[in-house]
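In: Predicted model and sequence below, questions to follow.
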Amino acid sequence: MSKKLGTAKAEAEKAVEDIRRVPRKVHDAEEKIRMVLAGLRGEDNMAELCRRAGLNT
């Protein structure tokens, strides 16, 4: 039983490490302006724009 707990703990630690390695997206000012203008023009709804950019609505 302790063998399974140790394995599960190692897998959990590896998952946490993998999550921490993923860099955050950095949007420059030009990209932000483009997203805002697209939303104001009504090309797509804000939820769709956020989804494409990888942002929370």
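Out: Noted; the coordinates are in hand. Numbers count the residues shown, from 1 in each chain.
In: Any idea which helix or strand in the chain has the lowest mean pLDDT?
Out: helix 2-21 (a mean of 75; mean pLDDT, DSSP states H and E).
In: For that one, what is the distance to the chain centroid?
Out: 21 Å (CA atoms, centre = their mean, to the nearest Å).
In: helix or strand right after that helix?
Out: Along the chain past helix 2-21, the next helix or strand (assigned with DSSP states H and E) turns out to be helix 29-41.
In: List the buried residues of that following helix.
Out: 35, 38 (16 or more other CB atoms under 10 Å). The C-beta positions use only the backbone N, C-alpha and C, and glycine is treated the same way.
In: and that helix, how far out from the chain's middle?
Out: Helix 29-41 sits 19 Å away from the centroid of its parent chain (CA atoms, centre = their mean).
In: Stretch 19-33 now?
Out: Centroid separation between stretch 19-33 and its chain, computed with CA atoms, centre = their mean, is 9 Å.
In: Show me what it is in contact with.
Out: Contacting residues not belonging to stretch 19-33 are listed as 35, 53-54 [CB atoms under 8 Å, 6 or more residues apart in numbering].
In: Only alpha carbons, please: show that stretch as CSV.
Out: C-alpha atoms of stretch 19-33 as CSV (Å, rounded to 0.1, in the frame of the first residue of the first chain):
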residue,chain,number,x,y,z
ILE,A,19,2.1,23.0,-14.7
ARG,A,20,4.7,25.4,-13.3
ARG,A,21,6.9,25.1,-16.4
VAL,A,22,4.2,26.3,-18.8
PRO,A,23,5.0,30.0,-19.4
ARG,A,24,2.2,32.5,-19.2
LYS,A,25,1.3,34.2,-22.5
VAL,A,26,2.5,37.8,-22.8
HIS,A,27,0.4,40.0,-25.0
ASP,A,28,2.1,43.1,-26.3
ALA,A,29,0.2,46.4,-26.6
GLU,A,30,-0.5,45.9,-30.3
GLU,A,31,-2.1,42.5,-29.7
LYS,A,32,-4.3,44.0,-26.9
ILE,A,33,-5.4,46.9,-29.1
